[in-house]
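A.B. asks: no sequence for this one, just the structure:
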DNA sequence: TATTGTTATACTCTATAACTATA
DNA sequence: TATAGTTATAGAGTATAACAATA
């Protein structure tokens, strides 16, 4: 599975984007003689018609901004998502977080351990199931999450440069309809 | 950088999605007593307001479909993208592909090697720069790519379930404005 | 018999350094 | 001195199997 973490995008900022080229129904015939190197522009007009290509590029761009802005809190997107689920669902179990965020249980263990070690979350015995444990934000976790969420909300405005509030709302609505059943 | 490859999404299909909950400005206070386990619904209403969260989920959903449909051609999204760039830009160099698709040069080497080994692409000497080599699709590569592109185009219709052609076009336009400078 | 949390581990994807041949 | 392609390798991210404790 491809990685959407955008580390590359973060450390190697792109140059100016190419202007969209006219759509082609089929690839240009290979005349064999003229290398594309002479014209530095590379035609990606077909790829730009694909929802998956654009969704991935957009997700990577947003994640890159997210990584920069969340660096002061030392939170990756997945850490922020976990804290957010715990914040809004006090007492939630690891298993529920896995199902909600599509994380495999073995991969969540280390994140929970790390957040616990940083004093951000508490593990309390589950009242009815002694196998499970209820997760809660500590006071420090609540403070950190409150600031991080404010940053995330604020970040939304800047991410989509030309997009106004209505356009962002339309975009989010359409994205939800893509991944929801 | 997070991985957008959607392997998990592929092998562990999700259950039914939760209905959107009303937005909350701040997390619910932790009353400490009531575990979320009793109500299996987990509140993700705040995360669902974030462009990054929705873009990543949508990208993963599309990629999962892409992986399934491209399996007969043994092409990952990145392989398809590389073939597409070569198809529309015969004679393109590795370096240009890296800049266009945001792939690091060392990571492209293996892909090119693999596609070459499969007889899909040809490396020709670059006419003006003996360090570089121009990449071209072989006849077999052109046949395979033509079929793969048809599948990708066809796939677009089915990916966005309820979305009509206009809505998909709007979505793509908005996504482009997010990641383009 | 199934589930929660966990360990160990393998595999994939991405990143960095450094080399060679050429510009 | 810089760039194209490459090798080797390190580091994230994601995957599967299997276990003890509990349901």
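C.D. replies: Thanks, I have the structure now. Because the structure is a prediction, the values reported are computed rather than measured.

A.B. asks: dihedrals phi and psi, residue A:165?
C.D. replies: When read as degrees, to the nearest 10, the backbone of residue A:165 gives phi -60, psi -40.

A.B. asks: now swap in residue A:161 and tell me
C.D. replies: Note on residue A:161: backbone dihedrals following degrees, to the nearest 10 are phi -50, psi -70.

A.B. asks: end to end on stretch A:69-76, go ahead and measure it.
C.D. replies: Terminal residues of stretch A:69-76 are spaced 10 Å apart (CA to CA, to the nearest Å).

A.B. asks: buried ones in it?
C.D. replies: Going by neighbour count (16 or more other CB atoms under 10 Å in any protein chain shown), the buried part of stretch A:69-76 is A:69-70, A:73, A:75-76. Quick note: C-beta positions are derived from backbone N, CA and C, even for glycine.

A.B. asks: now check it, is it near DNA strand C?
C.D. replies: No. Between stretch A:69-76 and DNA strand C, judged by CB under 7 Å from any atom of the strand, nothing touches; the nearest distance is 13.0 Å.

A.B. asks: tell me the average confidence for that stretch?
C.D. replies: Mean pLDDT, computed over stretch A:69-76, is 96.

A.B. asks: and which of the buried residues of stretch A:69-76 is nearest DNA strand C?
C.D. replies: Nearest to DNA strand C among these, counting by CB to the nearest atom of the strand, is residue A:76 at 13.0 Å.

A.B. asks: phi, psi of that closest one?
C.D. replies: Residue A:76 adopts backbone torsions of phi -80, psi 170, taken as degrees, to the nearest 10.

A.B. asks: tell me the spacing between it and residue A:119.
C.D. replies: Using CB to CB, to the nearest Å, residue A:76 is found at 18 Å from residue A:119.

A.B. asks: let me see the contact set for residue A:149.
C.D. replies: Neighbouring residues of residue A:149 by CB atoms under 8 Å, 6 or more residues apart in numbering or on different chains: A:84, A:87, B:46.

A.B. asks: so is it in a helix, a strand, or just coil?
C.D. replies: The assignment at residue A:149 comes out as helix when based on DSSP: H, G, I helix; E, B strand; the rest coil.

A.B. asks: with residue A:124 instead?
C.D. replies: Per three-state DSSP, residue A:124 ends up strand.

A.B. asks: would you check how far apart it and residue A:59 are?
C.D. replies: 35 Å.

A.B. asks: tell me the pLDDT of the residue nearest the centre of chain A.
C.D. replies: The residue lying closest to the centre of chain A (CA atoms, centre = their mean) is residue A:63, at 4.8 Å. pLDDT, residue A:63: 93.

A.B. asks: quick one: the helix or strand containing it to helix B:51-70, angle?
C.D. replies: Assigned by DSSP states H and E, residue A:63 belongs to helix A:51-70. On the basis of axes from the mean of the first three to the mean of the last three CA atoms, to 10 degrees, helix A:51-70 is oriented at 150 degrees to helix B:51-70.

A.B. asks: how about helix A:51-70 and chain B, touching?
C.D. replies: Yes. Helix A:51-70 lies within reach of chain B by CB under 8 Å from any CB of the partner chain, at A:51-63, A:65-67.

A.B. asks: swap in stretch A:103-111?
C.D. replies: Yes. Remark: stretch A:103-111 sits within contact range of chain B at residue A:104, by CB under 8 Å from any CB.

A.B. asks: now the strands for chain A?
C.D. replies: In chain A, the strands defined using DSSP state E lie at A:2-4, A:121-125, A:133-137.

A.B. asks: now for the nearest residue to residue A:103 once chain neighbours are set aside, how many residues are close by?
C.D. replies: Nearest non-adjacent residue to residue A:103, counting by CB to CB, 6 or more residues apart in numbering or on different chains: residue A:97, 6.8 Å away. By other CB atoms under 10 Å in any protein chain shown, 22 other residues sit near residue A:97.

A.B. asks: wait, residue A:97 sits on residue A:84?
C.D. replies: No. With contact defined as CB atoms under 8 Å, residue A:97 does not count as touching residue A:84 (10.2 Å).

A.B. asks: show the pLDDT at the closest residue to residue A:168 other than its chain neighbours.
C.D. replies: Of all residues not flanking residue A:168 in the chain, residue A:160 sits nearest, at 5.5 Å (CB to CB, 6+ apart). With respect to pLDDT, residue A:160 has a value of 77.

A.B. asks: got the contact list for residue A:160?
C.D. replies: By CB under 8 Å, 6+ apart, residue A:160 lies in contact with A:167-168, A:171, B:51, B:174, B:177-178.

A.B. asks: try residue A:101
C.D. replies: With CB under 8 Å, 6+ apart as the criterion, the residues that contact residue A:101 are A:78, A:81-82, A:85.

A.B. asks: look up how far residue A:107 lies from it.
C.D. replies: Using CB to CB, we find residue A:101 at a distance of 10 Å from residue A:107.

A.B. asks: just residue A:59 next, same as before
C.D. replies: 19 Å.

A.B. asks: and the two? Which one has more around it.
C.D. replies: Set residue A:59 next to residue A:107 and count neighbours by other CB under 10 Å: residue A:59 wins out with 29 against 11.
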